[in-house]
Structures are given as structure tokens and as C-alpha cells.
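[1] My questions are about this predicted structure, shown below with the sequence.
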Amino acid sequence: GFEALAVGYSEDGSDGIVVSGDGTSGNVVYGLWSGSTWTTGSVGDLGGTGGGNNDDVRWLTIHSDPATDDIMVVATTSDSDLSTAYWSGTTWTNTLEIVLALDSAILRPADFEWNPSGSTGQLVWDNDTTGTTLSNRTCTPQCTTGLTTFSTYAGTGAWVALYRNPTDADTINILSGRLNSNFDLFLLAKNTTNT
């Protein structure tokens, strides 16, 4: 099975948010809980540029900015595409098809996390089928910056997960784990001097 549904709260607790595929290829909808009422709407088609590809959304993850009420949603699709949707507290801004060839369309070889100080974050994914690198973008907050890579174990990428350090006072900001098709686990620590 897949998980085309994600639930979270903004870091300040002002809003609860639910995002989900709605059964139409690529389309993602949201519900926003203000503490007393629900507001619903469309995030947009995260399955392809301009809705042209209409891939099914298979995995959604949601991440709250620790400094604001902003939220980042990461979507991976049945065509191995990676897109993000950024909620500013009032509107959605989508960055579509950041990658067109993730290592897996079934598993989840991509994730995002905010830096502990907020407002910027890291998007990490696996689209090198030889398994020698992970790719990374710094999101400011949209994920449109240049690409960097990290060396990793061989084998097709199967799962990527990122976790923010709850304090900004430590050297390590984000920890990441990557599982590959050989069942090797690669751990990555993002510190305050690299991106």
C-alpha cells in the first residue's frame, strides 16, 4: 500500500492541516482546521507539470516550519516524479517535477525537513539507480535552488527519511536515513556549515 494522506499541525498550533490525493490522478486537496472551523480547497495537481502527466500521488509527507505557521508537503508519484507544495499560511506554491526519475515509484526515496531555525529546509532524494549518490536541494522555502550530492552505499534507493533536531543550539541540524535495495542503511547528518 501507499500513503497519499498526511496530517499535521503548524508549529505554533494555530492550524491543523490534512492533505490527500482525491482520486483524480495527481490532484491533491487539503482541509485546514482553525481550531473552530474547517476550510477546504485544492493544493493542485502534483502529478505533473500543468496537469499534463496525471500520475497518481502515492506518498505524501507534511512538515511544519518551526519558526512560522508555514508547511511543506512532499509528493511522490506513480511515474517516479517528485514535487513539493509550500503552504505560506494563506496560499499554496507548488514546485512540480523536481525529479522525473526517482529510484522507486512504489517505495518513498525522498523526504524534506526544515532547519531548526526555520524558514529554510532540505529536500533529499534518491534518483541515482547505481546508488552512489543522494541528491539535495536547500529550500528557501521553495525547493528551486541548485543541486548538491552526497556519496552513499550502492543499490537502488528504497526509503529516505529526514528528522529535524528540536534545538538550534547543537552542531547537527538534520539527521537522515537512507535504506537501499541491498538493505544497507546510510546515515547522513547535516550540520550548521553544510547544506
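    Perfect, I can see it now.
[2] Would you agree residue 136 is in contact with residue 121?
    No: the pair residue 136 / residue 121 is not scored as a contact, 10.7 Å apart, by CB atoms under 8 Å. Where you see a C-beta, it was placed from the backbone N, CA and C, and this is true even at glycine.
[3] Specify which residue of those two has the higher count of neighbours.
    residue 121 (26 against 21; other CB atoms under 10 Å).
[4] ok, and the closest non-adjacent residue to the more buried one?
    Using CB to CB, 6 or more residues apart in numbering and skipping residues adjacent in sequence, the residue nearest residue 121 is residue 114, 4.1 Å away.
[5] what about the residue most central in space within the chain, which SS state?
    Geometric centre of the chain, nearest residue: residue 74, 3.0 Å, by CA atoms, centre = their mean. When classified by DSSP: H, G, I helix; E, B strand; the rest coil, residue 74 comes out as strand.
[6] what does residue 122 give?
    The three-state label given to residue 122 by three-state DSSP is strand.
[7] Which helix or strand contains the residue of the chain most remote from its centre?
    When distances are taken from the C-alpha mean of the chain, residue 36 lies farthest, 28.1 Å away, according to CA atoms, centre = their mean. Under DSSP states H and E, no helix or strand contains residue 36.
[8] So it versus residue 10, what's the distance?
    Look at residue 36 and residue 10: by CB to CB, to the nearest Å, they are 15 Å apart.
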